[in-house]
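Trainee: return a 3D structure for these sequence lines:
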Amino acid sequence: MPPVVPPWLEPLLTAQFFTICRSHGDAARSECNMFCLDCHGDAFCFYCRSARHKDHRVIQIRRSSYHDVVRVSEIQKVLDIAGVQTYVINSARVLFLNERPQPKAGKGVAHLCEICGRSLLDPFRFCSLGCKLVGVRRHGNASFSMEGKPNEALMMTDDDLDIPGISPTTSTRRTTSSSNIRRESQDDEEMHLRGSTQQGIYPATPPPPHSNSRRRKGIPHRAPLKS
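Mentor: The predicted structure follows:
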């Protein structure tokens with residue numbers, strides 16, 4: 001029987017990402033934004049992946065408003081993420097690794113995280129993987145197990161990585177355009193990520209009518225002189 005919690009999950013949630021790699025600090029892509037599910041050690045950079053984790057299961061961590069996120073398309077291959085709120089950021093669906101600090105939820109909030117009480121956009125149970133982990137251990141009425149679900153290999157290639165200056169492949173663009181994606185916002189800290197615009201929604205305001213007050217009069221005619 002598979003374990004309730006994968007052995008790599010806690011190391012993933014506690015890892016320090018986006019530090020500078022000690023071995024490749026002078027390189028252009030030296031940020032430690034990758035994690036190996038087979039080694040479940042520290043975060044590492046692009047060059048460490050090529051040298052030490054080439055044939056391992058590796059996921060790439062991204063950042064939103066200074067918080068770590070992972071793409072749903074990557075994590076759902078190795079983990080049951082049911083019950084965790086997802087968001088759309090830069091045309092990719094992601095979820096947060098850990099709980100985020102927030103002000104007290106206002107009145108009338110319909111959906112709240114069962115663990116931290118954070119307001120949610122949709123009727124999910126948890127705001128992050130970290131809160132789901134607490135829920136699994138505290139109540140036992142949730143699971144990360146992929147038993148009975150298709151097991152897709154998580155072998156990343158260079159096409160799966162965010163490489164500056166290189167646009168997504170044609171297949172990636174086609175998948176993104178065909179998926180049913182709606183842009184969402186949790187609070188003010190994520191508003192700048194929405195990328196949507198209001199242009200074109202409302203018709204243009206017609207120009208004001210011309211005023212007759214400045215209309216030129218006809219040529220004046222002088223009255224005839226009296227003889």
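
Trainee: only C-alpha atoms for contact and neighbour calcs from this point on.
Mentor: Noted.

Trainee: the longest strand in this structure is where?
Mentor: Assignment by DSSP state E gives strand 58-64 as the longest strand of the chain.

Trainee: could you list the paired strands of that strand along with their orientation?
Mentor: strand 34-36 (antiparallel), strand 67-71 (antiparallel) (DSSP bridges).

Trainee: keeping just the C-alphas, turn the last one into PDB.
Mentor: Output in PDB follows, covering the C-alpha atoms of strand 67-71 (Å, rounded to 0.1, in the frame of the first residue of the first chain):
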ATOM      1  CA  HIS A  67       5.300  33.100  -2.900                       C
ATOM      2  CA  ASP A  68       6.300  29.700  -4.400                       C
ATOM      3  CA  VAL A  69       3.900  28.100  -6.900                       C
ATOM      4  CA  VAL A  70       4.100  25.000  -9.100                       C
ATOM      5  CA  ARG A  71       2.200  24.300 -12.300                       C
END
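
Trainee: before we move on, back to that, compare the strands paired with strand 58-64 and give me the one nearest Arg137.
Mentor: Nearest to Arg137 among the strands paired with strand 58-64 is strand 67-71; the distance by Cα to Cα comes to 22.0 Å.

Trainee: mind listing residues that contact whichever helix or strand comes after the closest one?
Mentor: Later in the chain than strand 67-71, the nearest helix or strand by DSSP states H and E is helix 72-75. If you take Cα atoms under 8 Å, 6 or more residues apart in numbering as the criterion, helix 72-75 is touched by Ile59, Ile81, Thr86, Arg93, Val94, Leu95, Leu154.

Trainee: hmm, 7 Å instead?
Mentor: Ile59, Arg93, Val94, Leu95 (Cα atoms under 7 Å, 6 or more residues apart in numbering).

Trainee: now do the SS call for the last one.
Mentor: Following DSSP: H, G, I helix; E, B strand; the rest coil, Leu95 is assigned to strand.

Trainee: quick check: closest non-adjacent residue to it.
Mentor: Excluding the flanking residues, the one nearest Leu95 by Cα to Cα, 6 or more residues apart in numbering is Thr86, at 4.7 Å.
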